[in-house]
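Student: With the sequence up front, the predicted model follows.
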Amino acid sequence: MKLSGKLLSKLNKIKLIAMDVDGVLTNGEIIIFDSGAETKIWNVKDRLGFHLVQRSGADIKLAWITGRASKQVADRAREIGIDEFYQGCMRKRPAMEMILKKYSLKPEQAVFIGDDLIDIPVLKMVGLGVCPKDAPEEVKKEADYISPHAGGKGVLREIVEAVLKARGFWKAAVKGYID
């Protein structure tokens, strides 16, 4: 990610990284078995991104706001340590407003990564709205930043790295991996 002055200014304020799940952390495909159980394919680079935020020492909250409800997603949220988790949430803006209020944050202190029409109200309200490169044109039009990555292919990891670097927490996040 090229950090222009305007983008760097936005990234430097971020204290909440929130996102949709299907189409952001996954490629949007869902395998549904005859039993009704479903599975998704998750990106390990994004998964490490969550870990990097948590080990960085930065006071950054993590939130998932997803329209679908899934046991698998609830299990992953718990396992990863997501601070705020809303599923079956078809109106995402009120959920984002509750999260901001709970942590006494302003909209400009939040980034939201969304990939479809349901995400537009939140993309428009936050300080930095991000979408993957395979989002519909209507979503791209509302996003502040369009990732060069498709959904499920490292969008979250890219944003985590950018936020941690802009806020000066990157070295702490990668300590032990790189040094």
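Tutor: Cool, got the structure.
Student: what about D22, distance to K133?
Tutor: 16 Å (Cβ to Cβ, to the nearest Å). C-beta here means a position set from N, CA and C on the backbone, and glycine is covered the same way.
Student: which of the two has more neighbours?
Tutor: D22 (20 against 14; other Cβ atoms under 10 Å).
Student: Now do the phi/psi pair for P148.
Tutor: Dihedral angles of P148 (phi, psi; degrees, to the nearest 10) stand at phi -80, psi 0.
Student: Model confidence for the nearest residue to it once chain neighbours are set aside, exactly?
Tutor: Spatially, and ignoring its direct neighbours in sequence, P148 is nearest to K133 (5.8 Å; Cβ to Cβ, 6 or more residues apart in numbering). pLDDT for K133: 97.
Student: Equivalent analysis for M1, please.
Tutor: 62.
Student: Give me the distance between the residue of the chain most remote from its centre and I65.
Tutor: Centroid-distance maximum for the chain: D34 at 30.7 Å, with Cα atoms, centre = their mean. Using Cβ to Cβ, one obtains 30 Å as the distance from D34 to I65.
Student: Equivalent analysis for P94, please.
Tutor: Where I65 is concerned, P94 sits at a distance of 10 Å (Cβ to Cβ).
Student: And A74, by the same measure?
Tutor: Distance from A74 to I65, by Cβ to Cβ: 13 Å.
Student: more crowded one of those two?
Tutor: I65 (26 against 15).
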